[in-house]
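Asker: this one's sequence-less:
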């Protein structure tokens, strides 16, 4: 994998974590929204933290789609799981949330699992086929 591809994966982690954290911050300002007052969702869309969170999550989605264009889902998804660590750190130090020891243990287990999966190739190798037609064109792209 090239440096550019690692930067795409890093941007998935950063945009996703920051976007979710900003949404959480904004929704704490807005308050609870229940099924009987769905119109409060539109009120939430006027909160600057929610707006910035949505833009970060749009960056996450475009980075995620880019990563899936050059690597298998079984590689990209575990690589993005490192976002749990980053999000927990943001939640703890920026939102001042309490994170229990059991949750930190869970985050450590996720990180260890990512370490086990990350050693594999980013793209599964498939044996060449002699297919003609539209499917062959898709495979060459």
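Answerer: Structure's in. What do you need? Remember, it's a predicted structure, so these values are computed and weren't measured experimentally.

Asker: once you drop chain neighbours, what's closest to the most centrally placed residue in the chain?
Answerer: A centroid search over the chain (Cα atoms, centre = their mean) returns residue 16, at 4.3 Å, as the residue closest to the centre. Leaving aside its chain neighbours, residue 16 sits nearest to residue 60 (4.2 Å; criterion: Cβ to Cβ, 6 or more residues apart in numbering). Just so you know, the C-beta spots here come from the backbone N, C-alpha and C atoms, and that holds for glycine as well.

Asker: contacts only, for residue 62.
Answerer: For residue 62, the contact set (Cβ atoms under 8 Å, 6 or more residues apart in numbering) is empty.

Asker: give me the distance between it and residue 47.
Answerer: Here the criterion is Cβ to Cβ, to the nearest Å. By it, residue 62 lies 23 Å from residue 47.

Asker: what do you get for residue 103?
Answerer: 27 Å.

Asker: out of everything not next to it in sequence, what's closest to residue 78?
Answerer: Spatial nearest neighbour of residue 78, excluding adjacent residues (Cβ to Cβ, 6+ apart): residue 117 at 4.1 Å.

Asker: so the one you found touches residue 75, yeah?
Answerer: Yes. The pair residue 117 / residue 75 is scored as a contact, 7.5 Å apart, by Cβ atoms under 8 Å.
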